[in-house]
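Visitor: One predicted model, sequence on top.
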Amino acid sequence: MSGSVFVLNAGSSSLKYQLVDPDSGEVHVAGIVERIGEEGSDVPDHEAAVRRALDAIEGRPEPTACGHRVVHGGERFDGPALIDDDVEAAIDELSALAPLHNPANLEGIRAARAVLPDIPHVAVFDTAFHRTIPAEAATYAIPVDLASRYGVRRYGFHGTSHRYVSRAAAEFLGIPLERSKVIVLHLGNGASACAVDGGRSIETSMGMTPLEGLVMGTRSGDIDPAALFHLHRQAGFGFEELERMLNRDSGLKGLTGRGDMRDVQAAAADGDAAAEAALAVYRHRIRKYIGAYLAQLGGLDALVFTAGVGENNSLLRRRTLAGLEHLGLQVDPDRNEVPSHEARRISPDGAPVAVLVVPTNEELEIARQTAAVTEDR
């Protein structure tokens, strides 16, 4: 099957869309419909949002398939899935693991299937790329009956980004994918690291939820669970307060009052000691994961920065890798400062490990996976 893919990413009150050629990567149209269902909005529901998006692509190539981003595929989905009523039901059941995301993703799916009943729809799951993580990396050391009954394990997220970027890195270097060893640092407001061996995820920093791992804009990343028990006993925090604090009021925001890396870095440049300390914590966490993943991979062809912070913040890249020359990680100061929207090398020629910046393209990855599922229809 060939043709353009209509890529949808539905949130609770927004719908991002692109019309993408999966072969060339050309984006015919891209946009967002916002304020879905909000008071005073002229977009009452997701079906109206899909129709609004279709109006925006009128006159462009007709989509031959629709690809949907779905955050959580649990243990059931290890790749993209052609959507039918059973797949819809499974996504709904998995909402227990992603209550903030899967229900909204499902709203978009149902709306699009109603508006576009004559083309195939495919679910592409953030978690699917990480289903190759071995049991010893996915297992938490809690009672096995509880873990099994309630689905407590490492699932990992940002999978479409890690998959796209790790493959693009191998292609950039001219290394066969099946022999490549890559660490991807997806650094945006949400952030995660991933060790990719031969094109397969073998470890990732996010866990059962996107809260674990690196320091993020408003999420804490790794924390001793007993710290929460302490806050409950000593400060009277309840379950919902702790959950909100860790997800919305922690990370860079918790350390500095600012959740945007650009604001934190500007404050540090102006001499704000709290901002500089927060950046040190942020970098330290990344370096710890780099070391751990080097050990797991047993070698490294490339370390790759991607996503908004990773792609655009040359100072962060340089300072994060400073002092890691003994691991083969070096940054060429001139290459690092050159802005570009293309994949590029920022390490010196002859460095033992290639340090790359590779812009992520999750929409293209979704389009390609959708086309692969539907090409024989």
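Guide: Nice, thanks for sending it over. As the structure is a computational prediction, the values presented were derived from the model and not from experiment.
Visitor: Just the strands from the stretch 101-250 of the chain, written as ranges.
Guide: 121-125, 181-187, 191-197, 200-204 (DSSP state E, counting those that start in this stretch).
Visitor: Report the separation between Ile57 and Gln18.
Guide: In this view, Ile57 and Gln18 are 9 Å apart by C-beta to C-beta, to the nearest Å. Where you see a C-beta, it was placed from the backbone N, CA and C, and this is true even at glycine.
Visitor: follow-up on the earlier one: for Ile366, which of the strands of the stretch 101-250 of the chain is the nearest?
Guide: strand 121-125 (4.6 Å; C-beta to C-beta).
Visitor: quick one: average confidence on the closest one?
Guide: For strand 121-125, mean pLDDT is 98.
Visitor: do the same with stretch 246-257
Guide: 97.
Visitor: Buried residues, that stretch. List them.
Guide: Neighbour-count burial for stretch 246-257, counted by 16 or more other C-beta atoms under 10 Å, picks out Leu246, Asn247, Ser250, Gly251, Leu252, Lys253, Gly254, Leu255, Thr256.
Visitor: for those, which one is nearest Gly67?
Guide: Nearest member of the buried residues of stretch 246-257 to Gly67, counting by C-beta to C-beta, is Asn247, at 27.4 Å.
Visitor: shouldn't the closest one be in contact with Arg219?
Guide: Yes: in this structure, Asn247 is within contact of Arg219 by C-beta atoms under 8 Å, at 5.6 Å.
Visitor: Look up the residues that both of these two are in contact with.
Guide: Common contacts of Asn247 and Arg219 (C-beta atoms under 8 Å, 6 or more residues apart in numbering): Leu211.
Visitor: Ile57 and Gln18 - which one has more neighbours?
Guide: Neighbours were counted for Ile57 and for Gln18 using other C-beta atoms under 10 Å; Gln18 has more, 25 against 19.
Visitor: The helix or strand the more buried one falls within: partners in the sheet, and parallel or antiparallel?
Guide: With secondary structure defined by DSSP states H and E, Gln18 is part of strand 14-20. Paired neighbours of strand 14-20 in the sheet (DSSP bridges): strand 4-10 (antiparallel), strand 27-34 (antiparallel).
Visitor: Report the next helix or strand after the lengthiest helix in the chain in sequence order.
Guide: For the chain, the helix that runs over the most residues, judged by DSSP state H, is helix 273-297. Moving toward the C-terminus from helix 273-297, the next helix or strand (DSSP H and E) is strand 302-306.
Visitor: Which other helices and strands does the next helix or strand after that following strand contact?
Guide: Scanning forward in sequence from strand 302-306 by DSSP H and E, the next helix or strand is helix 307-312. Contact partners of helix 307-312 among helices and strands, from 3 or more C-beta pairs under 8 Å, 6 or more residues apart in numbering; DSSP states H and E: strand 181-187, helix 314-321.
Visitor: in helix 307-312, what's buried?
Guide: Here helix 307-312 shows Ala307, Gly308, Val309, Gly310, Glu311, Asn312 as buried, counting by 16+ other C-beta under 10 Å.
Visitor: So which residue is dead centre in this protein?
Guide: Taking C-alpha atoms, centre = their mean as the criterion, His158 is the residue nearest the geometric centre of the chain, at 2.3 Å.
Visitor: Would you agree Met216 is in contact with Asn189?
Guide: Yes: if you go by C-beta under 8 Å, Met216 and Asn189 touch, sitting 6.4 Å apart.
Visitor: Give me the common contacts of Ile57 and Gln18.
Guide: Contact criterion C-beta under 8 Å, 6+ apart; residues shared by Ile57 and Gln18: Phe6, Val29.
Visitor: Which pLDDT does the model give the closest residue in space to Gly299 that isn't next to it in sequence?
Guide: Distances taken as C-beta to C-beta, 6 or more residues apart in numbering place Lys181 nearest to Gly299, at 5.2 Å, with adjacent residues excluded. Note for Lys181: predicted pLDDT of 98.
Visitor: Residue numbering should commence at 17 henceforth.
Guide: Sure, I'll start counting at 17 from here, so that last one is Lys197.
Visitor: now the helices: where do they sit in the stretch 67-216 of the chain?
Guide: 101-109, 118-131, 151-154, 160-166, 175-189 (DSSP state H, counting those that start in this stretch).
Visitor: what does the fourth one rub up against?
Guide: Around helix 160-166, the neighbours that count as contacts under C-beta under 8 Å, 6+ apart are Thr155, Tyr156, Val168, Arg169.
Visitor: just these now: which is nearest Gly315?
Guide: Among these, and counting by C-beta to C-beta, the member closest to Gly315 is Thr155, at 24.7 Å.
Visitor: Tell me how far the residue located most distally from the centre of the chain lies from Leu262.
Guide: Distance from the C-alpha centroid of the chain, by C-alpha atoms, centre = their mean, peaks at Gln250 (35.0 Å). Look at Gln250 and Leu262: by C-beta to C-beta, they are 17 Å apart.
Visitor: quick one: buried residues of stretch 36-49?
Guide: For stretch 36-49, by 16+ other C-beta under 10 Å, it's Val36, Asp37, Pro38, Val43, Val45, Val49.
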